[in-house]
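Q: Only the shape, not the letters, is given here:
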């Protein structure tokens, strides 16, 4: 008799969508302030990124999702909301 294991339940779609939205906003603000602080884009109202600093910022957001999902077992909010597939 073959060993039958029940498939693990998939997370609800709302958890996955909410995790993505929260991850994006978290990455936007944290990485935005980090890049602006390092490359000089801070303003009194937050940050403003143009040219090279904007490219570094967008690359860092992509790297956030790739590195966390591929190497660290999911992004911060995916792990908190248990939204990993």
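A: In hand now; what should we look at? This structure is a prediction, so every number in the text was calculated from the model and none was measured.

Q: Does residue 50 touch residue 43 like I think?
A: No: using C-beta atoms under 8 Å as the test, residue 50 is too far from residue 43 to be in contact (11.5 Å). Yep, even glycine has a C-beta here, placed from its N, CA and C like the rest.

Q: What helix or strand is residue 21 located in?
A: Using DSSP states H and E, residue 21 sits in helix 13-39.

Q: Buried ones in that helix, by neighbour count?
A: Across helix 13-39, burial judged by 16 or more other C-beta atoms under 10 Å covers 15, 16, 19, 22, 23, 27, 31, 32, 35, 36, 39.

Q: would you turn the residues you listed into JSON lines with distance to residue 71 and pLDDT?
A: Below are the buried residues of helix 13-39 laid out as JSON lines (distance: C-beta to C-beta, whole Å; pLDDT from 0 to 100):
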{"residue": "15", "distance to residue 71": "22", "pLDDT": "91"}
{"residue": "16", "distance to residue 71": "19", "pLDDT": "91"}
{"residue": "19", "distance to residue 71": "17", "pLDDT": "94"}
{"residue": "22", "distance to residue 71": "20", "pLDDT": "96"}
{"residue": "23", "distance to residue 71": "15", "pLDDT": "95"}
{"residue": "27", "distance to residue 71": "16", "pLDDT": "94"}
{"residue": "31", "distance to residue 71": "17", "pLDDT": "94"}
{"residue": "32", "distance to residue 71": "23", "pLDDT": "92"}
{"residue": "35", "distance to residue 71": "21", "pLDDT": "93"}
{"residue": "36", "distance to residue 71": "26", "pLDDT": "92"}
{"residue": "39", "distance to residue 71": "25", "pLDDT": "90"}
